[in-house]
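> Turn this into a model:
(3 chains)
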Amino acid sequence: MEFFVQQFFNGLQLGSLYALIALGYTMVYGVLLLINFAHGDIFMVGAFLGVFGSMVLDLPFALTLVLAMVLTGMMGVGIERVAYKPLRQASRLSVVITALGVGLLLENGMLALTGADPRSYPANFIETKAYDSFLGIGLGDVSITNVKILIIVLAALLFLGLYTIVQRTKWGMAMRAISYDKFAVPLMGVSQDQVISITFFLGTALAAAGGILWGVAFPVLNPYMGLRVGWKAFIAAVVGGIGDIRGAAVGGLLLGFIEIFVPAYGKSIGISSTWRDPIAFGLLLIILVVRPTGLFGVARRQKV
Amino acid sequence: MNKRLLTLLLTIVIVMGAIGTIPVGAQDDCDFAGEIYVGVIAPLTGDIPKVGQSTVEAAEMAVEEINAECGLEIDGESYEIVIIVEDNESKAESSVAVATRLIVEEDVIAIIGPQSSKQAVPTGQVANDRETPMISPWSTNPNTTVDRPWVFRVAFLDPFQGPVVANFVQAEFGAASAAVLYDVASDYPKGLAENFRDAAEASGIEVVAFESFTTGDTDFSSQLTTIIAEEPAVIFTPQYYNEVPLIVQQARELGFEGPIVGSDSWGTPDLIELCGDACNGLFFSTHYAPDIATEVGQTFINAYEEIYGAKPDDVAALTYDAFQLLFTAIEDAQSLDKADVRDALAGIELFEGVTGVMSFDEQGDPIKCAVIIQIKDGAFTYYDSACPAGFPPEGM
Amino acid sequence: MWFSVKDLHVSYGNIRAVHGVSFDVDEGEIVTLIGANGAGKSTILNTIAGLQTPDQGEIVYKGTNIAGVGAHNIVKLGLALVPEGRRIFGNLTVYENLRLAGFQLRGDELSRRIQRVYGYFPRLEERRGQLGDTLSGGEQQMLAVGRALVTGGDFMLLDEPSMGLAPILVQQIFEILAEINRAGATILLVEQNAHMALKLANRGYVLETGNIVLSGASQDLARSEDVRKAYLGA
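Below you'll find the predicted structure:
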């Protein structure tokens, strides 16, 4: 039981991080039908802005987080304006290649800027503490740290905040409207460019939050860190149903749990932890075979 | 304004680049009959750039020293040594590609590198097939040299290192049980994990968990939770400096309080910086310890520190030794023919390098001592030595 | 003139859809453009609404040339297009569709206008929490007109509001359009259903392959032999 509870929290932490990153993929896809392959690298930039905020400016965690989210968000808006906007009428392939190019630019730019040496946050950024009890329940051998709780709670709050924006505000309505029919949105007096910019801002700001929390949990940051994480979060978004933010959250959590529980319990049925990735992604593939549009996705008729 | 700034920057870069290649010492007085090209393959970018940096620093130092003494003398003529450095991005496929390029296009007499077994094992095949001597300074996986007469190395092997660590944990901690966490997708950790397990079990340590992950993973919480549930006395993790901090910190967060022990891949000083307090007091086995260096070692350490402002790590020391071996072999051979150089390398019986005295077996592998290092007060500190039976020979 | 189009040319790539069309609309009028499929009617409306940029020509509204102004800014000037095929947001509820149409509006004005829409179309109020995709064709058309009302158009442009609807529903919607017109809105109506359009409108223009071939008061056009043959099925 303790083993399960421990693994559950391990999975929840990892899944929350994937979910935060998956949200950005899904939001951008929602408004532009664009898979922003630079998103993983934007996540990396967010994590490095965390290094900048904490090491260079000597800011505390909360301020560093806000600073990195705002700066990365602005960078996201800039990337859209400069790289993607001129290609709105271009073929899907050109946009995908451009996105990959933007990703390479960010990676190598960061490499040139900071060098290849891995970085971490200062020791006093978040002092890790383990709790003895959780909600009044003694934890026994289960180890839950403030870092885990911080990541899980902050990810949940950011998701709820985003969900409220998308569901309750007029900007959120405009985002959903664009994803359904971008032709009619300007007729409502809404600037398509503004909605797209805000979407990019939110999506990339969340990636920055994900990057900093990732860096707190796994404090070895390098310019290539966004590649694998980015791909995994993208897969999470697709499995959840790309375009739907609940799907991104669920897909991220699901991937986190699978990655934790497969090696945790695989052994008892004779599967070594080596098989984690094949099994994890095999399971996700099965979900896509059964539901090609993902868990929350709906097949959409093609608009002309 | 911008243009002027750019020009200024460019000028600085060019001037600094020029300084980097200005020959040092008495080179101007030498009358070189030609140049000898030596290829260097190092992970300048990728997961472990510090390893690449140490490689290049040691290589440049070794070459500058020999050229200051008018290079190598063959048949009464002086030859200047020129190194060609290639980045393998810490990837096996890139390593194979650059090795081929060095051999085919640059016509190098030998290759020093690659460092990690993950790259050294496949690259050794290329060197052997194309009949070019290769010396890997740091690779400890047996497969790098097995049945490859053209491939040599300076580091001891995992089948030796595995028992060294197993004996150490038994003697030091009285450990009756151990767990292993290693990267299954990388030759070095995989080989060493297996060697450690076999050695531990042979000496009565029960290996209660043998957990793996794959290169690039950062979350080890699932495997560590499994390991901790088995209550091992010690965890052995033969990983690199970019992974060890994550493993140690996560193990501590998950409540593991016992010792965590490593191997020579830990020996990059960046590990201490990335790991912080969490790694203080931990032990690992490696090739040399600066604080017990012999005269040969001390000369190297002082010179290196003077040039680069930091103590050389094991990669730098081994790379420097690899160059000395190559220089010795070329002078012994008195030939620029690759086959002669190979034969001369194979003929070296006893060699005293920075990393100690070593002799070579028929596979081209060194027989030498290992040391145990403790991470103490933010530095790698000598703790103990472990030598093969009957080594070093009397009088050395 | 309150609103006039002068020598308008529009093309899609190499295909010229509208060549040299001129017409005008006076405040308070209902004017219809009739013509067969492909005559360029929708292109003209989309160009007025700012979705399409003209190659040449002027679109003068209240004394200003608005040709080439972006769609979301045109809306702010008081022109509202009800597009062909209704184009309601199927993933938004009825209320959200109306709320989005009032994007520029503040609380009181917004709810006043939405209430006005509910006044014209009580069905929309009943279904306000329902997703657009679940509405019937007639309800979707009501919603599309409702959205245009919320954006606050003094000048409403309607593109084929009768398309795909049962005659009884068309009747109903046209009655409401007349009511909206009486309440002060000027209407420019594009229709294939010339019969209904001419009954509602004060004046009409007949388009053929990008050119206006005939114009006049609705009664006159309805009596014209050419129009009867071509569009009224007589």
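> Right, and chain B sits closest to which residue of chain A?
Closest residue of chain A to chain B, C-beta to the nearest C-beta: residue A:116 (3.4 Å). For glycine as for every other residue, the C-beta is placed from the backbone atoms N, C-alpha and C.
> Can you give me the pLDDT of that residue?
We have a pLDDT of 81 for residue A:116.
> That one against residue A:223, yeah?
Yes. Assessed by C-beta atoms under 8 Å, residue A:116 is found in contact with residue A:223 at 7.2 Å.
> what's residue B:316 sitting at in phi/psi?
phi -60, psi -40 (degrees, to the nearest 10).
> And for it, the neighbour number?
29 (other C-beta atoms under 10 Å in any protein chain shown).
> One more: residue C:41?
By the measure other C-beta under 10 Å, the count of residues near residue C:41 is 27.
> Pull up the gap between it and residue A:91, please.
Distance of residue C:41 to residue A:91, given as C-beta to C-beta, to the nearest Å: 30 Å.
> again with residue C:69
The value you get for residue C:69 to residue A:91, if C-beta to C-beta is used, is 29 Å.
> tell me the mean pLDDT over stretch B:324-331?
Across stretch B:324-331, pLDDT averages out at 93.
> Tell me which residues are up against it.
B:36, B:38, B:62, B:66, B:72-74, B:81, B:109-110, B:112, B:133, B:135, B:152, B:154, B:336, B:341, B:344-345, B:347-348, B:351, B:353 (C-beta atoms under 8 Å, 6 or more residues apart in numbering or on different chains).
> Just the buried residues of those.
Buried residues within the contacts of stretch B:324-331, defined by neighbour count using 16 or more other C-beta atoms under 10 Å in any protein chain shown: B:36, B:38, B:62, B:66, B:72, B:74, B:81, B:109-110, B:112, B:133, B:135, B:152, B:154, B:341, B:344-345, B:348, B:351, B:353.
> Where does the prediction get shaky in the chain?
Assuming you mean chain A. Applying pLDDT under 70 to chain A flags the ranges A:134-136, A:298-304.
> think we crossed wires, I meant chain C
Scanning chain C with the threshold set as pLDDT under 70 gives C:232-234.
> ok so, going back, with neighbour numbers in mind, choose between residue C:69 and residue A:91.
Legend: neighbour count by other C-beta under 10 Å for residue C:69 and residue A:91, higher for residue C:69 (18 against 9).
> wait, isn't that one in contact with residue C:50?
Yes. Assessed by C-beta under 8 Å, residue C:69 is found in contact with residue C:50 at 5.4 Å.
> Strands of chain C, start to end?
C:3-12, C:15-25, C:30-35, C:56-61, C:64-65, C:79-82, C:155-159, C:186-191, C:203-208, C:211-217 (DSSP state E).
> Paired strands for the second one, with orientation please.
When pairs are called by DSSP bridges, strand C:15-25 turns out to pair with strand C:3-12 (antiparallel).
> The partner strand vs strand C:211-217, what angle?
For strand C:3-12 against strand C:211-217, the angle by axes from the mean of the first three to the mean of the last three C-alpha atoms, to 10 degrees is 160 degrees.
> can you list contacts of strand C:3-12?
For strand C:3-12, contacts defined as C-beta under 8 Å, 6+ apart pick out C:16-27, C:40, C:43-44, C:47-48, C:52-62, C:67, C:155, C:186, C:188.
> Spell out which parts of chain B neighbour chain A.
The interface of chain B toward chain A, taken as C-beta under 8 Å from any C-beta of the partner chain, is made up of B:44-47, B:49-50, B:52, B:184, B:211-214, B:216, B:218-219, B:221-223, B:225-226, B:229, B:242-243, B:245-246, B:249, B:253-255, B:270, B:273-274, B:276-277.
> Do a quick rundown of the helices in the chain.
All of this refers to chain A. A:2-32, A:39-51, A:61-79, A:92-114, A:146-168, A:170-180, A:192-217, A:225-240, A:245-266, A:276-290 (DSSP state H).
> Hmm, no, I was thinking of chain C.
C:41-48, C:71-76, C:94-101, C:107-120, C:122-126, C:137-151, C:167-182, C:194-200, C:218-223, C:225-231.
> Does residue B:179 have any beta-bridge partners, and if so which?
Beta-bridge partners, per DSSP bridges, of residue B:179: residue B:209, residue B:235.
> Now do it, the pLDDT please.
Looking at residue B:179, its pLDDT is 96.
> same question, residue B:23
Reported pLDDT at residue B:23 in the predicted model: 41.
> Point out the residues in chain C that sit beside chain A.
Residues of chain C lying near chain A (C-beta under 8 Å from any C-beta): C:49-51, C:70-72, C:75-76, C:80-81, C:83, C:87-92, C:96, C:99-101, C:103-104, C:147, C:151.
> Excluding covalently adjacent residues, which one is nearest to the residue in chain C that chain B sits nearest to?
Residue nearest to chain B within chain C (C-beta to the nearest C-beta): residue C:70, separated by 34.1 Å. Spatial nearest neighbour of residue C:70, excluding adjacent residues (C-beta to C-beta, 6 or more residues apart in numbering or on different chains): residue C:50 at 5.4 Å.
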